[in-house]
Each structure stands twice: as structure tokens, then as C-alpha cells.
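A.B. asks: Structural data only, the sequence is not supplied:
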């Protein structure tokens, strides 16, 4: 895989497509492809698997991208859109929402670079945040299971909390499995026996 | 001095309540300067409303539900204030596939969904590709229900592709898809251009299916109750006006004009009257309630309609179904409907939830006026969705 950022520009108008490609070239070293035909758009984007898709906000093919975005997991790929004017702070709101960048006045080369940077940075930030959130959720779930397992041991064996925890930890170490897994087995077993 | 209020729409026949509210003056009567802004795609329109660029939007009924389930969009919560249209979709197949089905003896009766589904799958047993306008749409829901009930579930038996309505006929002609489910007038266009034939109206799959809704941001509806009420009353009056057959020609003429659909009034009239041309030989079929705006409490946002949509989406995407149903139920704001339309003559059904698909024929229902008749809304396979059965 190349370390260059790959970008697909979806633009039916040839002149406009050329202008966009030129501005992208000036903005940095990207691997740029242009798709002008909307037929087969989804298939071609899936095949090329770009890092970023640029599409005119006034293009109906935006809906085809939606399917791709959903298929590959929401937000797996930043989608930046060109709009002619910034109506009602849409660009800022969109970037803040982290979903896509609305590139205002897309034909101006000096504006493409910062907005693309923002879109990419946002994208990475959100990916990271989602990963962290997932990890936190999981930790919280494990915490709950361990607490329940401790409670079961305390009741069954008349232990205090620390002793119950020590027992769980020892079982985990002896069996070479995660503490949460031991706790889960215990909770499951207790559920079956009750 | 009228209060400004902007609403986004997609140029389709079922955007009519918004257009009529503005053009016939129902918005002005409520003291609203309604500014209608066209959008080119559903995703863009959804972003426009969720990012606050417009206050309200003409929207596919499943979109706000999908958003509430965290599928697509910027995470803003949207509310469905009322239903803008019921039914209006048609299923079409490519000319080649139609020929193959006809050879195999399918009569193209435009009525029997089970026979049509089996004939379609028999004509292309593997790799059938069907186009719908948006991943979350009444079109997709109809399609999945129809073929799923016959034992052909996606994604194993068929692949479903998103194709914008205006490009559907081209995609069919280019061999990108074998069939489609789309709203008026785009199915007729494929027939006119010779790339396809119509196989079934949406009503053959479900007789009364909510199609487009009026959606706003949840926060906006909460903080602007006065504007919300005025908007709802204006749209409701427009829907009532559209429901009167004598207004049909006028409606078609208005919708055909440049800022709105910019197409022939004749094509629009076909959709409004339910008289469809299904093949190039000019065969015409009359479909009762092909597109309904008002009759039978069509505008009422049943909580159970939201729950049903959520349940189906959850089933396909592997989400927890009871939790999804609860989300879907919250999105459809029958409470706001009761509150804001209280001063009108709108029929208020006695309940806000019902068994979806249970009415096999038009049935009188409890309402303050005592004159409410709920239309038959059954599915072709007899499926009934019970919103109170929380388990499965």
C-alpha cells in the first residue's frame, strides 16, 4: 500500500474536475483519481478503496456514497463535499460533527488544503475517540461482571471482598485466562445452578 | 409580519404537501414565510436539517429512525411530526427480464405479489440486482419484506444497490441493475424510455405504507413549539387540500412548474390519479390509493409505524430489536400531532399505537369525530407487527 493519501474525485463536469485535480496537486502529493460516470460508482469506489472521497454536494450520487459509508462501517472513510457557498455555517457545523467536510467554494485552491487537513484530522480524531469509547465500555462491562462474581463468592464462601477478589485472581493466574473470563464463567455457572 | 421558516425537499411528487402549503397559501395563513430549498440527494437533505441549515425536511420515513439507531447522519436526533404521503412506489424490471418472465408464463397482472416475486426470482435465480433510492427507505423496506417473505432474503439471494431515482432508468438501461423499486414518476420514466416494465405497485406488497414524513430536529421542536405548531397546521391543511380529487389537476399543474419538479404535468397526474402505464405497449393499470396524502388519517404519525421500521432495520443490522423498537417509537411524535393539531378538525385516532398490517379491509376506528375509517394496511403475506410484543 502506498503511503500517499488516495483521493477519488466524483465530478461529472470535466472542466471542474480538472480544476479540482489541479488544486489538489498544488495542495500536496496525493494519488488522485477522477470518476465522471455515475454508473458503477459504488463498485469502482469499493475497488479502489480510497482514503477520501470528494463529491459535489449538489450531486445526487451522494446517496450512492451513503451506501458505501454504511457498508464499510460508518465513518471508515471521510467524505468531503464541495458546496458553492457556506450557507448558515454548514461547513463548520459539518466538520464539528465529524462526519464529512463540506468544502466551500471548492474551486479555490487555497481553500482545499486546510479543509482537507481538517477533515482528515477530524476523521482520525473521531476514529481514535470511538476506539477509546469502545475500550472504556468494555472495561466497564468487565468491571460489572467481576463485581457480580465477587458478590457470589462472598455469599457462597463467606469471604470478604478482598479475599473474594484474591480468589478470582488466583484462579485466573492458575488457568492462564483473563480475570474477567473467570468471573464470566462463574456468573454463568451460578445462573445455571440457581 | 410572517416568520421565516425554511424546509428542504427532494423534487418528487410526494413533496406536494410542502409545495402546496406554500403555493396555495396555507403557510401564509399561519403567518409563515415558507422558504423551500431543493436538495439533490437524501443524504444531503438529512445533513441540511441535522446541521441546522433548514428547519424542516421532506424525508424518507426510515431515515430519522435509522439516525436514532446510530446508522448514518451526524448523530442529531430528529422527530417525525407527521406523515406527508402514503404509498407511491412501484417495482419495475428490465425489458430482458420482463421478456423472460413472460415466456415462463407470468401474466404481469400487477396484483399478485407472491406470484410476481416467484416469477422474478425464477427468471434470475442467482445474483439478482435491485436498485433502491436510499439504503434506509420505504422502497428498501418493501423490497426486503416482499422477497424475504417468499424465502429470498438479502444479502444471500439478491444484492440491493443505492441508485438516485433520476438515474434509475439509466442504471437499468446500462445493465447495472435488473430491477428497481422507486417512487413516482421515475418508474414511469423507465417505461417511457424503453429500459423497463412495471411489475407491481408498492400497494401489492403492503396496502397502506407510510412513505415520506415531515422531520425536524428534536431540539427545535422542543424549543420552538409555536413555529412547530404553525408549520404542522399549514402542512396538514395542504394535505387535506391534496386529498380532494377536484384539486388534482391544479396540484399537477403547480408541481410541474419550474421551481418544483420541472417536468410534465401529465406524468405527475398519473401518479396522483393512480393510473400507471406499465409497459411500452401502453398497458394501463389503475391502482387504488397509489399515492395517498390525507384519507384514513394518512398524516397521523403512529408510534407503531416507527417501531416497525426500527424492528426491521435492527433485524437486518443485528441490533437489539426491543431496544430499537423503543427508539423508533420515540421518533414518531404522535404526542406533538395531538397537541398542535388540536385546534383543527384533524381526526385523532383513539390510540397512538396499533397492530401494523392487521387491517385486511377498511375499518371504522375510535376517534372524537366518530367518522374515522382506517384503510386496509395488510401485507400480502399476512404479516402482522405487534408493537407490544417486546420479545422477538
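C.D. replies: Thanks, I have the structure now. As the structure is a prediction and not an experimental result, all values here were calculated from the model.
A.B. asks: where along the stretch 1-150 of chain B do the strands fall?
C.D. replies: Counting by DSSP state E, counting those that start in this stretch, the stretch 1-150 of chain B has strands at residues B:3-9, B:32-38, B:56-60, B:78-87, B:89-94, B:128-132.
A.B. asks: can you check the stretch 251-392 of chain B too?
C.D. replies: Counting by DSSP E, counting those that start in this stretch, the strands of the stretch 251-392 of chain B are B:275-277, B:284-286, B:291-292, B:363-364, B:373-374.
A.B. asks: now, of those strands, which is deepest in the fold?
C.D. replies: strand B:291-292 (a mean of 26; mean count of other C-beta atoms under 10 Å in any protein chain shown). (C-beta placed from N, C-alpha, C; glycine too.)
A.B. asks: So what's the residue count around residue 28?
C.D. replies: No chain specified, so I'll use chain A. Neighbour count of residue A:28, defined by other C-beta atoms under 10 Å in any protein chain shown: 13.
A.B. asks: That was the other one, I meant chain B.
C.D. replies: By other C-beta under 10 Å, 14 other residues sit near residue B:28.
A.B. asks: OK, contacts around the closest residue to residue B:316 other than its chain neighbours?
C.D. replies: What sits nearest to residue B:316 in space, not counting adjacent residues and going by C-beta to C-beta, 6 or more residues apart in numbering or on different chains, is residue B:144, at 6.9 Å. Applying C-beta atoms under 8 Å, 6 or more residues apart in numbering or on different chains to residue B:144 gives the contacts B:153, B:154, B:160, B:312, B:316.
A.B. asks: and what of residue B:313?
C.D. replies: Residue B:313 makes contacts with B:62, B:65, B:66, B:69, B:71, B:136, B:319, B:324, as judged by C-beta under 8 Å, 6+ apart.
A.B. asks: Out of those, the closest to chain A would be?
C.D. replies: residue B:71 (6.6 Å; C-beta to the nearest C-beta).
A.B. asks: The closest one: neighbouring residues, count only.
C.D. replies: By the other C-beta under 10 Å criterion, the neighbourhood of residue B:71 contains 18 residues.
A.B. asks: Repeat that for residue B:386.
C.D. replies: 15.
A.B. asks: Now it. Nearest residue, chain neighbours left out?
C.D. replies: residue B:355 (5.5 Å).
A.B. asks: Correct me if wrong: that neighbour contacts residue B:389.
C.D. replies: No: the pair residue B:355 / residue B:389 is not scored as a contact, 9.7 Å apart, by C-beta atoms under 8 Å.
A.B. asks: Those two: which is more packed in?
C.D. replies: Shown here are residue B:355 and residue B:389; by other C-beta under 10 Å, residue B:355 has more neighbours (15 against 11).
A.B. asks: if I look at the more buried one, how far off is chain A?
C.D. replies: Taking C-beta to the nearest C-beta, to the nearest Å as the measure, residue B:355 falls 30 Å from chain A.
A.B. asks: mind checking how far that residue is from residue B:170?
C.D. replies: According to C-beta to C-beta, to the nearest Å, residue B:355 stands 41 Å off from residue B:170.
A.B. asks: And residue B:135, by the same measure?
C.D. replies: Applying C-beta to C-beta to residue B:135 and residue B:170 gives a distance of 20 Å.
A.B. asks: So for those two, which sits in the more crowded spot?
C.D. replies: Per other C-beta under 10 Å, whichever of residue B:135 and residue B:170 has more neighbours is residue B:135, with 26 against 17.
A.B. asks: Quick one: low-confidence residue ranges for chain A.
C.D. replies: Chain A contains residues with pLDDT under 70 at A:1-3, A:57, A:69-127.
A.B. asks: if we go to 80?
C.D. replies: Applying pLDDT under 80 to chain A flags the ranges A:1-6, A:11-13, A:16, A:19-20, A:23-29, A:37-46, A:48-62, A:65-131, A:194.
A.B. asks: if I read this right, residue B:67 contacts residue B:73, doesn't it?
C.D. replies: Yes: between residue B:67 and residue B:73 there is a contact under C-beta under 8 Å: 4.3 Å.
A.B. asks: Which neighbours do those two have in common?
C.D. replies: B:46, B:50.
A.B. asks: give me the number of residues near residue A:7?
C.D. replies: Residues within reach of residue A:7, counting by other C-beta under 10 Å, total 22.
A.B. asks: Give me the contact list for the strand or helix carrying it.
C.D. replies: Under the criterion of DSSP states H and E, residue A:7 resides in strand A:6-10. Strand A:6-10 has contacts (C-beta under 8 Å, 6+ apart) with A:17, A:20-21, A:24, A:30-35, A:38, A:41, A:45, A:48-56, A:59, A:61, A:65.
A.B. asks: So which of these sit within strands?
C.D. replies: Among the contacts of strand A:6-10, the members found in strands (DSSP state E) are A:31, A:32, A:33, A:34, A:35, A:52, A:53, A:54, A:55, A:56.
A.B. asks: okay, those in CSV with distance to residue B:234 and neighbour count next?
C.D. replies: Conversion of the ones in strands among the contacts of strand A:6-10 to CSV gives the following (distance: C-beta to C-beta, whole Å; neighbours: other C-beta atoms under 10 Å in any protein chain shown):
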residue, distance to residue B:234, neighbour count
A:31, 51, 15
A:32, 47, 20
A:33, 47, 15
A:34, 44, 16
A:35, 42, 19
A:52, 42, 20
A:53, 38, 24
A:54, 38, 27
A:55, 34, 26
A:56, 32, 24
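A.B. asks: With distance to chain B as new columns, can those residues be given to me in TSV?
C.D. replies: Below are the ones in strands among the contacts of strand A:6-10 laid out as TSV (distance: C-beta to the nearest C-beta, whole Å):
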residue	distance to chain B
A:31	25
A:32	23
A:33	20
A:34	18
A:35	14
A:52	16
A:53	12
A:54	14
A:55	9
A:56	8
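A.B. asks: Of the residues you listed, which pair is most distant in space?
C.D. replies: A:31 and A:56 (20.4 Å; C-beta to C-beta).
A.B. asks: quick revisit: and the residue nearest to residue B:316, how close does it get to residue B:312?
C.D. replies: 7 Å.
A.B. asks: what do you get for residue B:266?
C.D. replies: Distance, residue B:266 to residue B:312, using C-beta to C-beta: 35 Å.
A.B. asks: For chain A, which segments are assigned as helices?
C.D. replies: A:14-27, A:41-48, A:62-71, A:90-97, A:109-157, A:161-175, A:179-193 (DSSP state H).
A.B. asks: quick one, which of these is nearest to residue B:192?
C.D. replies: helix A:62-71 (22.8 Å).
A.B. asks: wait, what's in contact with residue B:160?
C.D. replies: Applying C-beta under 8 Å, 6+ apart to residue B:160 gives the contacts B:129, B:130, B:131, B:132, B:140, B:143, B:144, B:154.
A.B. asks: what about chain B, any weak spots by pLDDT?
C.D. replies: Using pLDDT under 80, chain B drops low at B:1, B:51, B:72-75, B:154-155, B:184-185, B:369-370, B:389-392.
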